[in-house]
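# could you work out the structure for the sequence below:
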Amino acid sequence: MGKIIAIANQKGGVGKTTTSVNLAASLGVLEKRVLLIDADPQANASSGLGIDVENVEIGTYQILEHSHTPKEAIIKCSAPNVDVIPSHIDLVAIEIELVDKENREYMLKKALESVKDEYDYIIIDCAPSLGLLTLNALTAADSVIIPIQCEYFALEGLGKLLNTIKSIQKIHNPDLDIEGLLLTMFDSRLRLSNQVVEEVQKHFNDMVFDTIIQRNVKLSEAPSFGESIINYDATSKGATNYLHLAQEVIKKNSK
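Residues are numbered from 1 along each chain as shown. Model (predicted):
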């Protein structure tokens, strides 16, 4: 049975989509079967793996409103062993459309029941908000990875996200775990980056992944070519970091 991992943080620009795409691709390279679900209306995870988002006819929107099954929405992409359920700007409307529906927080969870057994890992790239889309992702997930950038204001908003996770555990999903906090955009030359790492490790101890994602030009370039960092430049620092993260996730889940 596949493990569902949401990548969430209500702050934008912290490396959520970069992590979703490259963790999925790294797990695929390590011979795990992976489904990546783009649950962000910006659809960057979809375009980052070479999918033409303008022409997406069946995607996350349709599976959330249960007009299509996940199998009908799945698209093959350039990353080996990785399938994608793409997003489209239409997904913006889902928050309004689901508002009056009964069990609206469980739409994604219910939809994924039909494909959960076919994958080792299902990765959900969440929108940068704590709205109904992210709530659906966290209700469907077994665990959550929280990316934190090694910059000023890094911990701002983290308390709010952890409180949201606590209330989801109480009300909707008692089995939701925190897979780990992932430090991203680390620059060893900056004292601030090192201070943020120390601060996060001091406060959260074992909750923090050993892997730290370093600032890397290749990581920024890869999405414009519609490829993961593994396909774009497997020798880059970014590829090494994400492969280490994938190994850490596999090791943690094989205990």
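# give the contact list for residue 177.
Residue 177 sits next to 142-144 when contact means C-beta atoms under 8 Å, 6 or more residues apart in numbering. (Each C-beta comes from the backbone N, C-alpha and C, glycine too.)
# wait, which of these is closest to residue 75?
residue 142 (23.6 Å; C-beta to C-beta).
# that closest one - how many residues pack around it?
19 (other C-beta atoms under 10 Å).
# so it sits right up against residue 175, yeah?
Yes. Assessed by C-beta atoms under 8 Å, residue 142 is found in contact with residue 175 at 6.5 Å.
# what do these two both touch?
With C-beta under 8 Å, 6+ apart, residue 142 and residue 175 have no common neighbours.
# as JSON lines, the contacts of residue 177 with pLDDT, distance to residue 5 and secondary structure would be great.
Output for the contacts of residue 177, formatted as JSON lines (pLDDT from 0 to 100; distance: C-beta to C-beta, whole Å; DSSP: H, G, I helix; E, B strand; the rest coil):
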{"residue": "142", "pLDDT": "96", "distance to residue 5": "7", "secondary structure": "coil"}
{"residue": "143", "pLDDT": "97", "distance to residue 5": "5", "secondary structure": "strand"}
{"residue": "144", "pLDDT": "97", "distance to residue 5": "7", "secondary structure": "strand"}
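# adding distance to residue 17 as columns, could you present those residues in CSV?
As requested, these are exported to CSV (distance: C-beta to C-beta, whole Å):
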residue, distance to residue 17
142, 20
143, 18
144, 15
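# can you give me the helices in the stretch 151-255 of the chain?
Under the criterion DSSP state H, counting those that start in this stretch, the stretch 151-255 of the chain contains helices at 158-171, 191-204, 217-221, 229-232, 237-253.
# the stretch 1-150 of the chain now?
Under DSSP H, counting those that start in this stretch, the stretch 1-150 of the chain gives helices at 16-29, 44-47, 60-64, 70-73, 94-98, 107-112, 132-140.
# pipe the helices of the stretch 151-255 of the chain into a markdown table and attach mean neighbour count, mean pLDDT and distance to residue 181 per row.
Putting the helices of the stretch 151-255 of the chain into a markdown table (neighbours: other C-beta atoms under 10 Å; pLDDT from 0 to 100; distance: least, C-beta to C-beta, whole Å) gives the following:
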| stretch | mean neighbour count | mean pLDDT | distance to residue 181 |
| --- | --- | --- | --- |
| helix 158-171 | 14 | 90 | 8 |
| helix 191-204 | 15 | 86 | 6 |
| helix 217-221 | 16 | 92 | 19 |
| helix 229-232 | 24 | 94 | 21 |
| helix 237-253 | 19 | 95 | 12 |
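# cheers, nothing more for now.
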